[in-house]
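Chemist: My questions concern the predicted model and sequence given below.
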Amino acid sequence: MSQIKQRFDEGLDTITTLTGLTQADFDKLREAAPQAKQWGDAIVAMFYDTLFDHPRTAAVFQEGERPAREKTLEEWYASLFEVDSVDQFLRNQARIGLLHIRRHVHNEFMIGMANRLRTLFETKAVEAFGNEEGVAVAQAFSRVLDTVVGLTAEGYDVLSKIALSQATGVQETVIDKFIISAVGDVEKELLN
Ligand code: HEM
């Protein structure tokens with residue numbers, strides 16, 4: 001197995017272990033699909049209104065790109081209710097994560113938007129299914145979302161280091177040491 005694939009597998013194992021994502025979450029979403037799929041339009045509208053309202057996130061998009069992005073998010077959302085294999089789903093999300101990295105979608109953008117998605121989904125789920133079942137459905141959605149965002153964040157981190165190491169010929173372990181020593185300097189500047 002290549003080193004990149006091995007690191008991806010390790011990342012996958014860590015993020016799914018930490019979020020606790022399993023096939024049971026996708027089964028729960030499938031049960032909720034008749035209601036939850038109807039929330040797609042509201043979710044997509046909220047998502048892009050938020051991103052286009054803020055200059056740093058709006059700057060990620062090209063002129064006239066919004067309709068295409070709305071369509072891909074709508075399709076992605078609908079696809080969450082038809083997952084039979086966690087592994088296959090996550091391998092596909094790796095590709096989506098790489099697309100974001102290429103477009104400079106920073107981790108804090110992803111995390112902020114994941115929070116918006118989670119909150120809106122939870123509100124709708126509790127409205128539709130009542131408190132107990134609504135929270136159970138929302139938690140399943142949350143585990144999926146955080147795993148996807150975690151994978152993208154891991155990709156950003158790992159790829160930045162690989163790229164720097166390849167461009168400079170400096171080993172990643174050495175880059176790690178530089179990062180740790182830079183933390184000290186940044187801390188002094190920020191906290192003093
Ligand atoms: C939880 C957060 C997010 C999710 C679940 C998500 C999901 C997706 C999906 C499913 C695609 C389509 C991938 C494909 O073509 O198959 C996509 C593409 C894209 N997203 Fe996101 N996204 C998120 C956050 C963001 C944020 C915060 C931004 C910008 C600030 C953004 C900008 C983009 C762009 C520019 C593309 C097009 C990439 C390309 O094909 O060049 N996304 N996203």
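Modeler: Right, received. Where do you want to start?
Chemist: who in this structure is up against the ligand?
Modeler: When proximity is defined by C-beta under 6 Å from any ligand atom, the chain lies next to the ligand at 51, 57, 60-61, 69, 72-73, 76, 96, 99-100, 103, 105, 109-110, 113-114, 117, 148-149. All C-beta atoms are positioned from the backbone trio N, CA, C, and that covers glycine.
Chemist: what residue ranges in this protein score low on pLDDT?
Modeler: For the chain, the stretches with pLDDT under 70 are 1.
Chemist: Give me the residue at the spatial middle of it.
Modeler: For the chain, the residue nearest the mean C-alpha position is Val149 (1.9 Å; C-alpha atoms, centre = their mean).
Chemist: for the longest helix along the chain, the distance to its chain's centre please.
Modeler: The longest helix of the chain (DSSP state H) is helix 107-168. Put simply, helix 107-168 sits 4 Å off its chain's centre (C-alpha atoms, centre = their mean, to the nearest Å).
Chemist: do stretch 16-26 as well
Modeler: 14 Å.
Chemist: Need the CA coordinates for it. PDB is fine.
Modeler: Coordinates of each C-alpha in stretch 16-26 appear next as PDB, following Å, rounded to 0.1, in the frame of the first residue of the first chain:
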ATOM      1  CA  THR A  16     -14.700   7.400  12.400                       C
ATOM      2  CA  THR A  17     -13.600   6.100  15.800                       C
ATOM      3  CA  LEU A  18     -13.700   9.600  17.400                       C
ATOM      4  CA  THR A  19     -17.100  10.600  15.900                       C
ATOM      5  CA  GLY A  20     -18.500   7.100  16.400                       C
ATOM      6  CA  LEU A  21     -19.900   6.900  12.800                       C
ATOM      7  CA  THR A  22     -21.300   3.500  11.800                       C
ATOM      8  CA  GLN A  23     -23.800   2.100   9.200                       C
ATOM      9  CA  ALA A  24     -26.500   2.500  11.900                       C
ATOM     10  CA  ASP A  25     -26.300   6.300  11.300                       C
ATOM     11  CA  PHE A  26     -27.000   5.900   7.600                       C
END
